[in-house]
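Engineer: Turn this into a model:
(2 chains)
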Amino acid sequence: AQSVTQLGSHVSVSEGALVLLRCNYSSSVPPYLFWYVQYPNQGLQLLLKYTTGATLVKGINGFEAEFKKSETSFHLTKPSAHMSDAAEYFCAVKNNFNKFYFGSGTKLNVKP
Amino acid sequence: GAGVSQSPSNKVTEKGKDVELRCDPISGHTALYWYRQRLGQGLEFLIYFQGNSAPDKSGLPSDRFSAERTGESVSTLTIQRTQQEDSAVYLCASSLILGQTEAFFGQGTRLTVV
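Structural biologist: Residues are numbered from 1 along each chain as shown, chains lettered A, B, ... in the order given. Next comes the predicted model:
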C-alpha cells in the first residue's frame, strides 16, 4: 500500500525566505502526486499536481514541486515566502484504484 | 454544481444522538471520498465511492459509521450514537475516475459532540 511522509509537522520561515516542504512517498508504480493547501477553517485547495511528463511542476501562488523518482520525493518549494502563504500543506498520492493517500500535513508559519 | 457542497457547515449534537452529514459532489464526478480531520491532525480516510458502490470502506472507524450514495450524486455519512471522540471536521471530496485527476474538496462539516 502507498504511504506519504511529510517531514516536519511545523515549518517556520521569514517573509522573503525560501520555503521548502518535504514529501516522500512509497509506491510500487509511478504515482500521481499532489500538493494541497488548507487555510484556516477551509477545505483543501489544489496547489499543483504531477501526472506524467515534466518532473518540475509549477502551481498557483508561485509554488513548484519536483518529482524525483530515484528519491521517491515530491518536495514543495517557493523562492520567497509571503505572509499569505501561512497555512497547512498536504502532500498526497493517488493509486491505480483511485484512492488518495495524504500525508499528515505541514503547518507553515511565516514571520514578518 | 460549481463545487463540492457540504451541509450543514456546523453541527452541534448531544452525545448519543445520530447525525447525518451531506455531500453534493461536482456534477459528473464518479468518485466520492469522505475524510475525517480531527483538530490539529491530518486527513483520515473513511470511505470511497465509485458511483453508488463503495469498493473501499476500510476507514470507517466503527459500525456506528455508515455512508451511502445515490447514483453518482449525493452522499450521506451517518454517525449513530455519537461520542465525543467523533468531534472533528468531516471533509468530502469528489473526482473523475481518470487517474491523473485531482480530488476537489468541500468546505467540510464541523461536528461537535457535547
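
Engineer: which bits of chain A sit near chain B?
Structural biologist: A:32, A:34, A:36, A:42-46, A:49, A:51-52, A:90, A:92, A:94, A:96-105 (C-beta under 8 Å from any C-beta of the partner chain). Where C-beta positions appear, they are placed from N, C-alpha and C, glycine not excepted.

Engineer: Please convert the buried members of these into PyMOL selection syntax.
Structural biologist: Filtering the residues of chain A next to chain B down to the buried ones (16 or more other C-beta atoms under 10 Å in any protein chain shown) takes a single PyMOL command:
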select buried, chain A and resi 32+34+36+43+44+46+49+51+90+92+94+98+99+100+101+102+103+105
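
Engineer: Now intersect the residues of chain A next to chain B with the strands, please.
Structural biologist: Residues of those located in strands (DSSP state E): A:32, A:34, A:36, A:44-46, A:49, A:90, A:92, A:94, A:100-102.

Engineer: And those, which two are furthest apart?
Structural biologist: A:45 and A:101 (18.4 Å; C-beta to C-beta).

Engineer: Show me where chain B has its strands.
Structural biologist: Counting by DSSP E, the strands of chain B are B:5-7, B:10-13, B:19-24, B:31-37, B:44-50, B:53-56, B:65-69, B:75-79, B:88-95, B:104-105, B:109-113.

Engineer: The longest one packs against which elements?
Structural biologist: Counting contacts by 3 or more C-beta pairs under 8 Å, 6 or more residues apart in numbering or on different chains; DSSP states H and E, strand B:88-95 is packed against strand B:5-7, strand B:19-24, strand B:31-37, strand B:75-79, strand B:104-105, strand B:109-113.

Engineer: Single out the most deeply packed of these.
Structural biologist: Highest mean neighbour count of those: strand B:31-37, a mean of 24 (counted as mean count of other C-beta atoms under 10 Å in any protein chain shown).

Engineer: for the record, mean pLDDT for that one?
Structural biologist: Averaging pLDDT along strand B:31-37 yields 94.

Engineer: in its sheet, what does that strand sit against?
Structural biologist: Strand pairing for strand B:31-37, determined by DSSP bridges: strand B:44-50 (antiparallel), strand B:88-95 (antiparallel).

Engineer: Comparing those strands, which yields the minimum mean pLDDT?
Structural biologist: Mean pLDDT is lowest for strand B:44-50 out of the strands paired with strand B:31-37, coming in at a mean of 92.

Engineer: how big is the angle separating that strand from strand B:65-69?
Structural biologist: Between strand B:44-50 and strand B:65-69, the angle comes out at 30 degrees (axes from the mean of the first three to the mean of the last three C-alpha atoms, to 10 degrees).

Engineer: tell me the phi and psi of residue B:83?
Structural biologist: In terms of degrees, to the nearest 10, the main-chain angles of residue B:83 are phi -120, psi 160.

Engineer: other SSEs contacting the helix or strand bottoming out on mean pLDDT in chain B?
Structural biologist: When each helix and strand of chain B is scored by mean pLDDT, DSSP states H and E, strand B:53-56 comes last, with a mean of 87. For strand B:53-56, the packing partners by 3+ C-beta pairs under 8 Å, 6+ apart come out as strand B:44-50.

Engineer: what's in contact with the strand it packs on?
Structural biologist: A:98-102, B:30-38, B:54-61, B:65, B:67, B:69, B:75, B:77, B:90, B:97 (C-beta atoms under 8 Å, 6 or more residues apart in numbering or on different chains).
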